[in-house]
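In: build me a structure from this.
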Amino acid sequence: MKFAFILSSLLVVCASQAKDFSNYDFIETMQCEKNRSHKDRRFIGVAKKEKGCLTVYEKEGVAKEVAQAQQGTEYCLEIMERISINLTESKFKCL
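Out: Presented below is the predicted three-dimensional model:
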């Protein structure tokens, strides 16, 4: 019973971190998918944010901000590259 409550709380916290990034100005994007079935797709994007940037990662239709920088875009692009490498090592094809 206690485990179920903790799991439910965790799901609520995770869901509350999801945001709508449709209005962001993405300077770099990448689509990754596993196999050709298109069932398991991921999206990675870097968007400008004032003088800095943010990196967005979408999995199973839920987009989250996974990194941000106050100045420039180098850090966000580096995080995007790391994520794509991890996905490629997990048999995803990223374009």
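In: now residue 66: how far from residue 75?
Out: Here residue 66 is placed at a distance of 12 Å from residue 75 (C-beta to C-beta, to the nearest Å). (Glycine included, C-beta is placed from N, CA and C.)
In: then residue 95?
Out: Taking C-beta to C-beta, one finds residue 95 at 23 Å from residue 75.
In: neighbour-wise, which of those two wins?
Out: Comparing residue 95 with residue 75 by other C-beta atoms under 10 Å, the one with more neighbours is residue 75, at 17 against 8.
In: isn't residue 30 right next to residue 46, touching?
Out: No: counting by C-beta atoms under 8 Å, residue 30 does not reach residue 46; the two are 9.1 Å apart.
In: so what's in contact with these two at the same time?
Out: Contact with both residue 30 and residue 46 is made by residues residue 80, according to C-beta atoms under 8 Å, 6 or more residues apart in numbering.
In: between these two, which has more neighbouring residues?
Out: Neighbour count, other C-beta under 10 Å: between residue 30 and residue 46, residue 46 has more, with 26 against 16.
In: pLDDT value on the residue minimising distance to the centre of the chain, please?
Out: Centroid-nearest residue in the chain: residue 57, 0.7 Å away (criterion: C-alpha atoms, centre = their mean). Confidence at residue 57, expressed as pLDDT, is 97.
In: for it, what is the enclosing helix or strand?
Out: Secondary structure from DSSP states H and E places residue 57 in strand 52-59.
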